[in-house]
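Trainee: have a look at this fold, sequence not included:
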């Protein structure tokens, strides 16, 4: 189907294609996001697919035309570096965004569809052991209950709120099964008639899984489970089936070996997807949309973009090379992109 692909990068802002990746367009010089800036998070409004959010080094920016033009959101988030975003699947007016290095790590919330933002949790420590300055890498709203909000920090632990972000409980460390404080990704599959709600917390080296709403957890170190690779990057529920998921694992950051794994039983078992060309580094980000459950994109740390037409079972590399890919998204709206005028100088 016709669509617009957006690839967020560290160093080229974002690039967009409205012809299935045949040609690519950089941001214009009058956009609030610099054309050579950093964009680390993308989110497509599920009920209004022309509306897209970008977490950048200038805050959160909003597009109403599928990524052609952008404007900066207002509030306490302005000017801060945003690393992660999430839209409440039950109420598109509610969004969460997490900041991080070089900004102070913090969590922000919007109740007016991203137009304005307020801090909902105090600043985390300015420095940490693993990455110098912490960064909030993942936010997830429970699809069964919007009051349940989760987020994770690199490094600073996994956190959960049961009241829409008013109060928070830390889940890792101490007597918890989740030992590592370096949290890369959190995802929740809603309950079905055949399966309970299934929650995933991915630390740097383990996929933790819970089928009782986070009361108990199971997890085997990734190095023992995924062909000797430990670097557990990101996890994605798919639209193809209520039980399908993707998982990206590498041998480090940026890494030289990586695998994409696929599960059709809510993460109980994983099989290796077929990636037909060798990726140049760890797979870093996935992009999917309900408009075509079979179409999924994946980007690597060093700028390879892969496409799947069968819900992540097989992958082919796209021709274009990017700088560091930080996020990927696509929308069924075809953006009216135009090539920049060429300078005579």
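Mentor: Now that the structure is in, tell me what you want to look at. Bear in mind that the values here come from a model prediction, so they are computed numbers and not experimental data.

Trainee: could you point out where the stretch 51-200 of the chain is predicted with low confidence?
Mentor: 122-123, 130 (pLDDT under 70).

Trainee: show me where the stretch 201-345 of the chain has helices.
Mentor: All helices of the stretch 201-345 of the chain, identified by DSSP state H, counting those that start in this stretch, fall at 222-225.

Trainee: mind showing which ranges of it have poor pLDDT?
Mentor: Along the stretch 201-345 of the chain, the parts satisfying pLDDT under 70 run over 340-345.

Trainee: which residues in it form strands?
Mentor: 207-210, 231-237, 245-250, 258-263, 271-272, 274-275, 283-288, 296-300, 305-308, 314-317, 324-331 (DSSP state E, counting those that start in this stretch).

Trainee: so for residue 78, which of these sits nearest?
Mentor: Among the strands of the stretch 201-345 of the chain, strand 324-331 comes nearest to residue 78, with 20.1 Å by Cβ to Cβ. In short, each C-beta sits where N, CA and C put it, glycine included.

Trainee: how far is that closest one from where the chain is centred?
Mentor: Strand 324-331 has its average C-alpha position 8 Å from the chain's average C-alpha position, going by Cα atoms, centre = their mean, to the nearest Å.

Trainee: try stretch 89-103
Mentor: Centroid displacement of stretch 89-103 relative to its chain, using Cα atoms, centre = their mean, is 11 Å.

Trainee: which positions in that stretch come out as buried?
Mentor: 89, 94, 95, 96, 97, 98, 99, 100, 101, 103 (16 or more other Cβ atoms under 10 Å).

Trainee: who wins for proximity to residue 73 among the strands of the stretch 201-345 of the chain?
Mentor: strand 324-331 (17.0 Å).

Trainee: angle of that closest one against strand 231-237?
Mentor: Counting by axes from the mean of the first three to the mean of the last three Cα atoms, to 10 degrees, strand 324-331 points 0 degrees away from the direction of strand 231-237.

Trainee: what angle do strand 283-288 and strand 324-331 make with each other?
Mentor: 10 degrees.

Trainee: quick one: strand 324-331 to strand 296-300, angle?
Mentor: With the same axes, to 10 degrees as the basis, strand 324-331 and strand 296-300 are set at 170 degrees to each other.

Trainee: which other residues reach strand 324-331?
Mentor: Residues lying outside strand 324-331 but in contact with it, judged by Cβ atoms under 8 Å, 6 or more residues apart in numbering, are 3-11, 38-44, 49-50, 52, 66-67, 284-289, 291, 295, 297-305.

Trainee: so how do I select the buried members of those residues in ChimeraX?
Mentor: This is how ChimeraX selects the buried members of the contacts of strand 324-331, with burial counted by 16+ other Cβ under 10 Å:
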select :3,4,5,6,7,8,9,10,38,39,40,41,42,43,44,49,50,52,66,67,284,285,286,287,288,289,295,297,298,299,300,301,302,303,304,305
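
Trainee: picking up where we left off before, in strands, which of the buried residues of stretch 89-103 fall?
Mentor: 95, 96, 97, 98, 99 (DSSP state E).

Trainee: so who does the closest residue to the first one other than its chain neighbours touch?
Mentor: Closest residue to residue 95 apart from its sequence neighbours, by Cβ to Cβ, 6 or more residues apart in numbering: residue 110 at 4.6 Å. When the contact criterion is Cβ under 8 Å, 6+ apart, the partners of residue 110 are 60, 73, 75, 93, 94, 95, 96, 97, 116, 117, 118.
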